[in-house]
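> Next comes the sequence, and after it the predicted model I'd like to discuss.
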Amino acid sequence: MHRIAVVPGSFDPVTLGHLDVIERAARMFDELHVLVVHNPAKSALLPVAQRVSLIEKAIAEAHLEGKIRVTSWSVGLLVDYCTEVGASVLVKGVRSQVDVTYETPMAIVNRNLAGVETVFLLPDPANAYVSSSLVRQVAALGGDVSPYVPAVVAHFLQSPRTA
Ligand code: PNS
């Protein structure tokens with residue numbers, strides 16, 4: 001049986017914590033889709049296409065290509081994407097009890113909607129405090145984000161950009 005899993009998220013931007021979860025999930029499934037989901041509840045730093053591109057480059061930088069596909073989803077339910085590609089599992093990294101509390105209702109609703117199960121993975125404790133929002137804040141104030149993100153992301157965020 002060919003097991004397909006989806007790692008969804010805002011990835012605004014992708015962090016070393018995300019990459020750790022992606023790497024662990026890639027070892028557990030035959031095919032892994034990293035899915036950038038537009039979350040209207042959050043105001044974004046980077047356009048979705050830019051986030052996809054940075055994840056692709058970070059995956060290549062970490063030599064994780066192969067069974068990982070990076071794509072985006074902006075219309076409809078997350079489980080609709082899972083059904084479309086034949087994925088039966090969602091993978092989420094949980095850093096703390098706060099993450100478990102936030103993720104649990106979504107996991108149950110996704111199972112009720114389409115029978116898609118959610119697997120919670122514990123990240124490397126070294127990344128337990130890393131979040132995209134922290135990275136966005138440090139970058140906006142001119143700080144060094146390189147300890148928290150793949151090199152390609154640090155380079156991108158610290159390069160002068162227009163708009
Ligand atoms: O990285 P984030 O912002 O914590 O990711 C949250 C995300 C995008 C995974 C979450 O908002 C989500 O699952 N959105 C999909 C919308 C959906 O299907 N909702 C109904 C079932 S919960």
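Happy to help now that I have it. Numbers count the residues shown, from 1 in each chain.
> So residue 34: helix, strand or coil?
strand (DSSP: H, G, I helix; E, B strand; the rest coil).
> got it, and residue 39?
Residue 39 ends up coil, using three-state DSSP.
> So it is in contact with residue 8, correct?
No. Applying CB atoms under 8 Å as the test, residue 39 and residue 8 come out as separate, 9.6 Å apart. Placement of C-beta: from N, CA and C, glycine included.
> which of those two has more neighbours?
Set side by side, residue 39 and residue 8 show more neighbours around residue 8, with 21 against 13, by other CB atoms under 10 Å.
> tell me the phi and psi of the residue lying closest to residue 94 once chain neighbours are set aside?
Of all residues not flanking residue 94 in the chain, residue 120 sits nearest, at 4.6 Å (CB to CB, 6 or more residues apart in numbering). With angles defined as degrees, to the nearest 10, residue 120 sits at phi -90, psi 130.
> can you list the residues of the chain near the ligand?
Taking CB under 6 Å from any ligand atom as the contact definition, the chain meets the ligand at 8-10, 37, 39, 42, 77-78, 106, 109-110.
> Redo the residues you listed as JSON lines? Include secondary structure, pLDDT and distance to residue 18.
As requested, the residues of the chain next to the ligand are exported to JSON lines (DSSP: H, G, I helix; E, B strand; the rest coil; pLDDT from 0 to 100; distance: CB to CB, whole Å):
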{"residue": "8", "secondary structure": "strand", "pLDDT": "98", "distance to residue 18": "11"}
{"residue": "9", "secondary structure": "strand", "pLDDT": "97", "distance to residue 18": "7"}
{"residue": "10", "secondary structure": "coil", "pLDDT": "96", "distance to residue 18": "10"}
{"residue": "37", "secondary structure": "strand", "pLDDT": "96", "distance to residue 18": "13"}
{"residue": "39", "secondary structure": "coil", "pLDDT": "81", "distance to residue 18": "14"}
{"residue": "42", "secondary structure": "coil", "pLDDT": "79", "distance to residue 18": "15"}
{"residue": "77", "secondary structure": "coil", "pLDDT": "96", "distance to residue 18": "22"}
{"residue": "78", "secondary structure": "helix", "pLDDT": "97", "distance to residue 18": "16"}
{"residue": "106", "secondary structure": "helix", "pLDDT": "97", "distance to residue 18": "17"}
{"residue": "109", "secondary structure": "helix", "pLDDT": "98", "distance to residue 18": "22"}
{"residue": "110", "secondary structure": "helix", "pLDDT": "98", "distance to residue 18": "19"}
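> Good, we can wrap up now.
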